[in-house]
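A.B. asks: whatever this is, show me its structure:
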Amino acid sequence: MLCCCAAGEDTKGAETITTTAAEPVIKESAPAQEEKAEPKQEEAAEVVSSNEFVFVMSDGGEKKVVFQKSPLGLTFHANKVPVVIKKLASGGHAEELGVQTGMQIKTIGGKDLTDMSYDQIFKMIEGVSKALKQDP
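C.D. replies: Numbers count the residues shown, from 1 in each chain. Down below sits the predicted model:
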């Protein structure tokens with residue numbers, strides 16, 4: 001669940017996502033083949049985790065956060081871009097990682113959100129939440 005609000009808190013205009021733990025998928029891979037080719041320039045770039053968010057802080061700086069569990073503990077306004085954090089779940093995962101209200105989500109998994117619609121961004125956040133281990 002992305003929006004974690006305590007009972008009685010104002011959630012008007014906030015988005016809530018409820019997720020369940022994903023079933024593990026086991027895939028058998030073909031035997032590895034040894035390659036000695038030089039890595040392509042794109043492959044040499046920093047690997048970005050799909051659950052890595054970059055936030056723009058109120059002072060214009062950026063904060064990189066890698067979520068490890070769900071719920072994320074974020075509340076934001078529905079149907080509004082850019083996505084700005086409205087509220088944090090007290091003691092929630094986002095708060096543990098140093099996310100603060102007023103921060104704007106700039107990228108998710110290395111993908112810039114600037115030209116994306118709210119629905120596209122929401123689906124990305126929901127996908128991250130569903131893919132992470134559920135916190136009991």
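
A.B. asks: need the longest helix for the chain.
C.D. replies: Determined from DSSP state H, the single longest helix within the chain is helix 118-131.

A.B. asks: what's the following helix or strand after it?
C.D. replies: Going down the chain from helix 118-131, the next helix or strand is strand 133-134, by DSSP states H and E.

A.B. asks: any chance you could map the helices in the chain?
C.D. replies: With DSSP H as the criterion, the chain has helices spanning 41-44, 93-96, 118-131.

A.B. asks: and those helices, which one is worst for confidence?
C.D. replies: Lowest mean pLDDT within the helices of the chain: helix 41-44, a mean of 42.

A.B. asks: where exactly do the strands run in the protein?
C.D. replies: 52-56, 62-66, 69-70, 74-76, 85-88, 104-108, 111-112, 133-134 (DSSP state E).

A.B. asks: got the angle for the first one vs helix 118-131?
C.D. replies: Put plainly, it is strand 52-56. Computed by axes from the mean of the first three to the mean of the last three C-alpha atoms, to 10 degrees, the angle separating strand 52-56 from helix 118-131 equals 130 degrees.

A.B. asks: quick one: average confidence on strand 52-56?
C.D. replies: On average, strand 52-56 scores 97.

A.B. asks: quick one, that strand and strand 62-66 angle?
C.D. replies: Using the same axes, to 10 degrees: strand 52-56 against strand 62-66 is 160 degrees.

A.B. asks: restricting to C-alpha, output strand 52-56 in PDB.
C.D. replies: Provided in PDB are the C-alpha atoms of strand 52-56 (Å, rounded to 0.1, in the frame of the first residue of the first chain):
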ATOM      1  CA  GLU A  52      15.300   3.300  -6.900                       C
ATOM      2  CA  PHE A  53      13.600   6.600  -6.600                       C
ATOM      3  CA  VAL A  54      15.200  10.000  -7.000                       C
ATOM      4  CA  PHE A  55      13.500  12.800  -5.200                       C
ATOM      5  CA  VAL A  56      13.900  16.500  -5.600                       C
END
